[in-house]
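**Q** Quick one, structure for this:
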Amino acid sequence: MDQSLAVMLTIITAATPLLLAAMGELVVERSGVLNLGVEGMMVMGAVAGFAVAFLTGSTLLGVGAAIIAGIAMSALFGFLTLTLVANQVAAGLALTLLGLGLSGLIGESFVGQPGVKMPTLFGIDALVPFSFILTAGVAYVLFKTKTGLVIRAVGNSHNSAHALGYRVIALRYLSVMFGGACAGLAGGYLSLAYTPQWIENMTAGRGWIALALVVFASWRPLRTLVGAYLFGAVSILGFVVQSKGWGIPSQFLSALPYLVTVIALVIISGNKRLTQANTPACLAQSFVPDR
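**A** Have a look, this model is predicted:
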């Protein structure tokens with residue numbers, strides 16, 4: 001029973017950063033913007049959160065710093081793609097490279113330093129229930145409010161939304177910054193709760209899994225929740241198998257979450273009806289308002 005509980009708690013902690021980052025990216029993509037810089041925003045949130053918590057001794061301030069770092073990175077992406085109308089794919093990839101390099105530079109002096117762990121209750125930290133609240137909130141706003149209707153309208157037809165008088169660029173900026181806040185928070189969770197220390201490139205591809213989760217869930221919040229816990233369970237499966245001593249190569253077990261991600265995307269891409277029904281029609285398309 002104790003071992004099962006430990007495994008369950010480990011799955012929860014593994015799934016939470018994926019869920020936080022994916023939920024933010026879901027809103028971004030629903031508004032018609034594709035931000036491939038989730039990994040870069042997450043790792044900047046991780047280093048900022050750890051640095052501030054280490055220097056102040058407060059995980060609350062660390063969480064705030066992680067969110068601010070994510071917003072700052074997303075604002076840079078927004079300026080490049082929404083104001084300067086740069087290619088969204090290229091800008092997102094550049095943002096990831098920038099985040100990985102800059103976080104390594106900032107975090108160099110923090111390598112090996114003891115971290116400040118986020119307080120827990122019954123083995124669960126506050127960001128775990130917050131991730132469920134966030135999921136419910138995003139689902140409610142997107143599908144039950146006028147704001148969500150406008151976000152989806154902009155993502156499906158930005159020209160029509162603009163013709164109706166909606167401020168497409170402003171709304172997309174807010175959506176992008178919300179996604180940045182969620183990605184930064186996910187990174188802060190990694191360095192303050194999951195493994196309370198700073199390790200260069202500690203996100204280890206989780207940002208890319210979060211991006212895949214959005215597609216895997218066909219842009220639906222509750223499906224994203226299920227997908228995050230599925231991928232969290234797969235990532236923990238390797239440790240469970242290794243503890244059993246079944247002789248499966250550790251390299252294969254480490255690659256298993258990414259292999260499952262690829263397989264899931266291949267299966268989903270084969271279902272044209274599902275993808276076409278939920279994919280925002282203007283996803284990754286630039287918008288220049290009429291003067």
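**Q** Would you mind pulling the contact partners of the helix or strand harbouring residue 259?
**A** Using DSSP states H and E, residue 259 sits in helix 250-269. Judged by Cβ atoms under 8 Å, 6 or more residues apart in numbering, the contacts made with helix 250-269 from elsewhere in the structure are 205, 208-209, 212, 215-216, 218, 231, 234-235, 237-239, 241-242, 274-275. Placement of C-beta: from N, CA and C, glycine included.
**Q** now do stretch 76-89
**A** 33-37, 91-92, 94-95, 169, 172-173, 176-177, 180, 284, 286-288.
**Q** Name only those of those that count as buried.
**A** Neighbour counting with 16 or more other Cβ atoms under 10 Å marks 33-37, 91-92, 94-95, 169, 172-173, 176-177, 180, 284, 287 as buried within the contacts of stretch 76-89.
**Q** In helices only, show me these.
**A** Assigned to helices by DSSP state H, the following of the buried ones among the contacts of stretch 76-89 qualify: 91, 92, 94, 95, 169, 172, 173, 176, 177, 180.
**Q** For stretch 268-284, buried residues please.
**A** Going by neighbour count (16+ other Cβ under 10 Å), the buried part of stretch 268-284 is 280, 282, 283, 284.
**Q** Residue 140: what's its closest spatial neighbour, skipping adjacent residues?
**A** Leaving aside its sequence neighbours, residue 140 sits nearest to residue 148 (Cβ to Cβ, 6 or more residues apart in numbering; 7.9 Å).
**Q** so how far is residue 141 from the one you found?
**A** Here the criterion is Cβ to Cβ, to the nearest Å. By it, residue 148 lies 5 Å from residue 141.
**Q** do residue 244 as well
**A** Relative to residue 141, residue 244 is positioned 43 Å away (criterion: Cβ to Cβ).
**Q** Between these two, which has more neighbouring residues?
**A** Remark: of residue 244 and residue 141, residue 141 carries more neighbours, 16 against 9, as counted by other Cβ atoms under 10 Å.
**Q** Looking at that one now. What's its pLDDT?
**A** Listed pLDDT for residue 141 reads 98.
**Q** so what's it up against?
**A** Taking Cβ under 8 Å, 6+ apart as the contact definition, residue 141 lies against 147, 148.
**Q** tell me which element it is part of?
**A** Element membership of residue 141, judged by DSSP H and E, is helix 127-144.
**Q** Please pull up the helix or strand immediately following that helix.
**A** Following helix 127-144 in sequence order, the next helix or strand is helix 146-156 (DSSP H and E).
**Q** Output that following helix as CSV, nothing but the C-alphas.
**A** Output of helix 146-156 as CSV, limited to C-alpha atoms (Å, rounded to 0.1, in the frame of the first residue of the first chain):
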residue,chain,number,x,y,z
LYS,A,146,-18.0,35.5,-23.9
THR,A,147,-14.2,35.9,-23.4
GLY,A,148,-13.6,32.3,-24.3
LEU,A,149,-15.9,32.6,-27.3
VAL,A,150,-13.9,35.6,-28.6
ILE,A,151,-10.6,33.7,-28.1
ARG,A,152,-11.9,30.8,-30.1
ALA,A,153,-13.3,33.2,-32.7
VAL,A,154,-10.0,34.9,-33.1
GLY,A,155,-8.2,31.5,-33.5
ASN,A,156,-10.7,30.3,-36.1
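**Q** Show me what it is packed against.
**A** Contacting helix 146-156 under the criterion 3 or more Cβ pairs under 8 Å, 6 or more residues apart in numbering; DSSP states H and E are the following elements: helix 2-30, helix 127-144, helix 158-163, helix 168-189.
**Q** May I see the buried residues of the last one?
**A** Judged by neighbour count (16+ other Cβ under 10 Å), helix 168-189 contains these buried residues: 168-169, 171-189.
**Q** The first one too?
**A** Buried residues in helix 2-30, defined by neighbour count with 16+ other Cβ under 10 Å: 7, 10-30.
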